[in-house]
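J.: Quick check, what structure comes out for this input:
(one chain, ligands or ions: 1)
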Amino acid sequence: MNLLTDNTIALWITKLEIWPVIAALALNLTFRRYGKKAFKKRMASLYHAIAVFLLTSMAALTAERKWPDIYLVLFILAEIAVLWILRSRVFPYRRNCSGDGCGEKLDLRTIYYMDDNLCPQCAARLNREENGEAEE
Ligand SMILES: [Zn+2]
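T.: Numbering: from 1, shown residues only. As a prediction, the model looks like this:
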């Protein structure tokens with residue numbers, strides 16, 4: 001495998017056809033049941049799908065034109081740079097609860113779907129406060 005002469009990587013990605021994009025969009029559909037509470041992360045998931053689409057498109061173009069893989073690699077690096085610049089929108093994930101002084105480890109569902117990044121206790125406490133009820 002030589003990045004400057006072969007297009008092995010582009011051919012490999014092209015063989016996957018449209019499936020990586022379909023998988024990314026299917027994952028995006030799983031956000032529907034969380035509604036507004038997962039809006040930011042749903043958008044992030046959409047950006048991921050767009051990134052996958054651009055990557056597979058570039059791989060197809062590279063394979064079709066018989067360009068060497070270095071074109072694709074440079075494109076991937078540029079894409080990573082763009083994702084890094086937009087990281088607050090593209091990766092809004094946190095592993096720990098963002099409640100005041102909590103820092104509890106979050107479960108995967110909260111990390112991947114919920115915008116508030118709160119553990120169940122903090123979410124319940126905030127909910128009580130919003131409803132104007134006394135704590136305890
Ligand atoms: Zn918490």
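J.: Give the burial count for Lys40, as a bare number.
T.: For Lys40, the count of nearby residues is 15 (other C-beta atoms under 10 Å). Glycine gets a C-beta too; all of them are placed from N, C-alpha and C.
J.: now do Ile22
T.: A count of nearby residues for Ile22, using other C-beta under 10 Å, gives 12.
J.: List the buried residues for stretch 29-39?
T.: Buried residues in stretch 29-39, counted by 16 or more other C-beta atoms under 10 Å: 31, 34, 38.
J.: How about stretch 19-29?
T.: Neighbour-count burial for stretch 19-29 flags 20-21, 24-25, 28 (criterion: 16+ other C-beta under 10 Å).
J.: what's the average pLDDT for that stretch?
T.: Mean pLDDT, computed over stretch 19-29, is 97.
J.: And for that stretch, what's in contact with it?
T.: Residues outside stretch 19-29 that contact it (C-beta atoms under 8 Å, 6 or more residues apart in numbering): 13, 42, 45-46, 48-49, 52-53, 55-56.
J.: filter these down to the ones near the ion?
T.: Among the contacts of stretch 19-29, no residue is within reach of the ion (C-beta under 5 Å from the ion).
J.: Would you mind listing which of those are buried?
T.: Buried by 16+ other C-beta under 10 Å: 13, 42, 45-46, 48-49, 52, 55-56, out of the contacts of stretch 19-29.
J.: Need the max-distance pair from those residues.
T.: Distance extremes for these: the farthest pair is Ile13 and Arg42 at 25.7 Å, using C-beta to C-beta.
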